[in-house]
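[1] Curious how this folds, go ahead:
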Amino acid sequence: MHAVVRMYYLSRWFYEKNIPLIPNLLHKFIRIVFACDVKYTAKIGKNVGFFHNGLGVVIHKHATIGDGSLLYQNVTIGGNGKSEDDNGVPTIGKNVFIGAGAVILGPVVIGDNAKIGANSVVLSNVGANTTVVGSPAKEVKKKHVY
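    Sure, this is the predicted structure:
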């Protein structure tokens, strides 16, 4: 398990136990040491991987990331700026791959086992078992080889 994820789980544990100071200190530590902004209020599932120690990763404080998902460096999972509640932020399913530099914004749902290509900009829902690339992200159609 990556150091950033361990620190997040620790800060989340203190947050859930209503111990207010320690989660904030751990959040600041993660931000300074790893150049990563992952707030303890985000809901991150088990076995989530942050490659390159989460360098440059930014996750909205109300975002949800499912179990087993993998994020490369410089990924942004953020709101659309219109709403501060959980309705304006992404929900990432289980076992989702998010490539380096990808940006996922707004109240979108990324289905289980989806793949988001590097530097893609996702502004709409992505179905389960789907691969999207580009800006804005579009589904990649599978080619049949005969």
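[2] mind exporting stretch 50-64 as CSV, just the C-alpha atoms?
    What follows is stretch 50-64, C-alpha atoms only, in CSV (Å, rounded to 0.1, in the frame of the first residue of the first chain):
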residue,chain,number,x,y,z
PHE,A,50,-1.7,6.1,-6.0
PHE,A,51,1.2,5.5,-8.3
HIS,A,52,4.3,7.8,-7.8
ASN,A,53,3.0,8.4,-4.2
GLY,A,54,0.1,10.4,-5.5
LEU,A,55,2.3,13.2,-6.9
GLY,A,56,0.0,16.1,-7.9
VAL,A,57,-3.2,14.2,-7.2
VAL,A,58,-6.2,16.3,-6.2
ILE,A,59,-9.4,14.7,-4.9
HIS,A,60,-12.5,16.7,-3.9
LYS,A,61,-13.4,16.5,-0.3
HIS,A,62,-16.7,14.8,-1.1
ALA,A,63,-15.6,12.5,-3.9
THR,A,64,-16.0,8.8,-3.7
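[3] What values do phi and psi take at residue 117?
    The phi and psi torsions at residue 117 (degrees, to the nearest 10) take the values phi -70, psi 160.
[4] With adjacent residues omitted, what lies nearest to it?
    Excluding its sequence neighbours, the residue lying closest to residue 117 (Cβ to Cβ, 6 or more residues apart in numbering) is residue 133, at 3.4 Å. Using the backbone N, CA and C atoms, a C-beta is placed for each residue, glycine as well.
[5] Distance check, the one you found against residue 22.
    Distance from residue 133 to residue 22, counting by Cβ to Cβ, to the nearest Å: 40 Å.
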